[in-house]
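Engineer: Sequence first, predicted coordinates after that:
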Amino acid sequence: MDRAILREARAGRHAYLDEPPLVRWLAVGAALAFLVLFLLLPLIVVFTNALERGLTAYAAAVRDPVTLAAVRLTLLTAAIAVPLNLIFGLAAAWAIAKFEFKGKTLLTTAVDLPLSVSPVISGMLFVLLFGAQGFLGPFLARHDVKIIFAVPGIVLATVFVTAPLIARELIPLLQSQGNEEEEAAMTLGAGGWQTFFRVSLPKIRWGLLYGVVLCNARAMGEFGAVSVVSGHVRGLTNTLSLHVEILYNEYQFAAAFAVASLLTLLAVVTLGVRFIVERSTR
C-alpha cells in the first residue's frame, strides 16, 4: 500500500512538472534574455569602455593615487560597518526570535526602518544631527569633532543603510528552528554562552554568512547616503562609487569605467561567495 501511495505521489509530481514544451522554452528564454540584458550586457559594456584606450590607460586609472584612496576608504568602511552590523543583527534577531518582551514590536519596526527610508534621506538625517547647523553641530565644533564630510559620517551612514540585512536574514531562520535544542542543552547543564556557541550558532552559521555577504556588498556599493555626508573631497572622503560619478561628470569616461570595473569585480566576487553559501545551505 505504501508503494502504491509513493507511485501515485511521484506520478502526480511528474504530471505537475510536465509542462508543454512551448511553455518551458518560453520560460527558459525569458530567463536567459533577462540575464543577458540586465547582467551580462552591462558587464560587457563596463569592461569594454574601461579597456577602450588600452591596458596602459586602464592600469594608470586604477593606480591613480586618488583611486587607490577611494579603494582604501571603501574597504575601510566595509570593514567597520559589517562587524558592527553582525553584532547588531545577531543580537536583534536573537531577541526578536527567542524572547517575548515589551517593546518587541518597536524593535522589529526599528530593524526595518532603514529599508523603508530613502538612502538620501538617511544621509540628510545625519547632516541634520551632526552637521554644522545640526542638533549636535555646535557641541561637536566646540570639541573639534568632525563627523559630517569626514570618514565617521561615511561609516555611520553605511552602518545605518545596511543594518537590517543580517538581522532580516536571521530572524525567520531562528523562528523556524524553535528552542527545543537550546532548552535540552540548558537542561543538561550547559551555560548560556556554551549553548549559544555550541548549539545555536552552528545551526545558523550559513544564514549568518549569507547575511554578512549581502551586508558587505551593500556597504561597498552604497551611493545615496554616502554622497550626502561625504562632501566629495578627493582622496579623503570619496568612496569608489562617488569617485566613479566624479570622473564621469568630468568626461573622463575611460577612467570612470576603469574604476567602475573594480566595483564590478567586487560584485562578481560577492556573487561567487553568495553562490557558495547558497549551495552549502542547500
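Structural biologist: Nice, thanks for sending it over.
Engineer: Surely L266 touches R218?
Structural biologist: No - if you go by CB atoms under 8 Å, L266 and R218 don't touch, sitting 11.6 Å apart. Any C-beta I mention is one placed from the backbone N, CA and C, and that applies to glycine too.
Engineer: per-domain residue ranges of this protein.
Structural biologist: Domain assignment for the chain by automatic domain parsing gives 1-50, 54-120+146-281.
Engineer: Kindly reformat those as CSV containing mean neighbour count, mean pLDDT and distance to L140.
Structural biologist: As requested, the domains of the chain are arranged in CSV below (neighbours: other CB atoms under 10 Å; pLDDT from 0 to 100; distance: least, CB to CB, whole Å):
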stretch, mean neighbour count, mean pLDDT, distance to L140
domain 1-50, 10, 73, 40
domain 54-120+146-281, 17, 88, 6
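Engineer: closest to V127 out of those?
Structural biologist: V127 lies closest, by CB to CB, to one member of these: domain 54-120+146-281, at 5.7 Å.
Engineer: and V120, what does it touch?
Structural biologist: Residues near V120 by CB atoms under 8 Å, 6 or more residues apart in numbering: 224-225, 227-228.
Engineer: so how far is G235 from the closest residue to G153 other than its chain neighbours?
Structural biologist: Spatial nearest neighbour of G153, excluding adjacent residues (CB to CB, 6 or more residues apart in numbering): V229 at 3.9 Å. V229 sits 17 Å away from G235, going by CB to CB, to the nearest Å.
Engineer: State the number of residues packed around F126.
Structural biologist: Neighbour count for F126, taken as other CB atoms under 10 Å: 21.
Engineer: So which residues make contact with the helix or strand containing V45?
Structural biologist: If you go by DSSP states H and E, V45 is part of helix 41-50. The contact list for helix 41-50 (CB under 8 Å, 6+ apart) reads 58, 61, 253-254, 257-258, 260-261, 264.
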